[in-house]
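K.L.:
coords please:
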Amino acid sequence: MSGIRDQRDDIRTASESLLQAYARCNSDIETACAKVEELGKKIGSPERKDAADLETQRRKLENDIVTIRAEMSKLTDQIAICKSKLDQLREQRKLLEREQRIKDELSLRATLAEETCKALRTIYEEFTNEMRLKITAEANILLSKLLDKEGRETLRQIVIDDD
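P.N.:
Have a look, this model is predicted:
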């Protein structure tokens, strides 16, 4: 069970870091777009003399945007894979929890059966002892009635063994 929890925590941590990377990429893209717009405005103004440098920088930023979008697409795919794995792990956890509940119930039933057997054994032993004592007492009373004085002296009492 702890293995499932560890995997779930690992997946959650990976998902959070992917989402943070996604947020950073979006932020970088927005910054790059803002810079491109700013450069486009500066390039269009007649005051700027270094228009060629700005155009080069604009192309570089556009390439960066393409790279960041590709990375963002990869991260989106990884997030989808992680979500799929998370769903699978949740299903596995449900199955394991169900199996554990069944095992717990069987264990409880086994314990109850053992306790019932012990109680029945105790009842049996008490009943057997009680009946043995009653039979012994009744046998001795009958024996004393049936035997004469000499027979009673020879055979004083009947003792019933456990067997």
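
K.L.:
Run through the helices of the chain in chain order.
P.N.:
Listed from the start of the chain, the chain has helices (DSSP state H) covering 2-44, 51-146, 149-154.

K.L.:
Tabulate these (CSV), appending mean pLDDT.
P.N.:
Conversion of the helices of the chain to CSV gives the following (pLDDT from 0 to 100):
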stretch, mean pLDDT
helix 2-44, 79
helix 51-146, 91
helix 149-154, 70
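
K.L.:
Would you format those helices as JSON lines with mean neighbour count included?
P.N.:
The C-beta positions use only the backbone N, C-alpha and C, and glycine is treated the same way. Formatted as JSON lines, the helices of the chain follow (neighbours: other CB atoms under 10 Å):
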{"stretch": "helix 2-44", "mean neighbour count": "13"}
{"stretch": "helix 51-146", "mean neighbour count": "12"}
{"stretch": "helix 149-154", "mean neighbour count": "10"}
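
K.L.:
what's the nearest residue to residue 22 if we skip its chain neighbours?
P.N.:
The shortest distance from residue 22 to any residue other than its chain neighbours is 5.2 Å, reached at residue 75 (CB to CB, 6 or more residues apart in numbering).

K.L.:
Distance of that neighbour relative to residue 151?
P.N.:
Distance, residue 75 to residue 151, by CB to CB, to the nearest Å: 107 Å.

K.L.:
Over to residue 95?
P.N.:
When distance is defined by CB to CB, residue 95 is 78 Å away from residue 151.

K.L.:
got it, and residue 38?
P.N.:
131 Å.

K.L.:
repeat for residue 113
P.N.:
Residue 113 sits 51 Å away from residue 151, taking CB to CB as the criterion.

K.L.:
now residue 79
P.N.:
Here residue 79 is placed at a distance of 102 Å from residue 151 (CB to CB).

K.L.:
again with residue 24
P.N.:
As judged by CB to CB, residue 24 and residue 151 stand 111 Å apart.

K.L.:
now swap in residue 17 and tell me
P.N.:
As judged by CB to CB, residue 17 and residue 151 stand 101 Å apart.

K.L.:
Residue 73 now?
P.N.:
Here residue 73 is placed at a distance of 111 Å from residue 151 (CB to CB).
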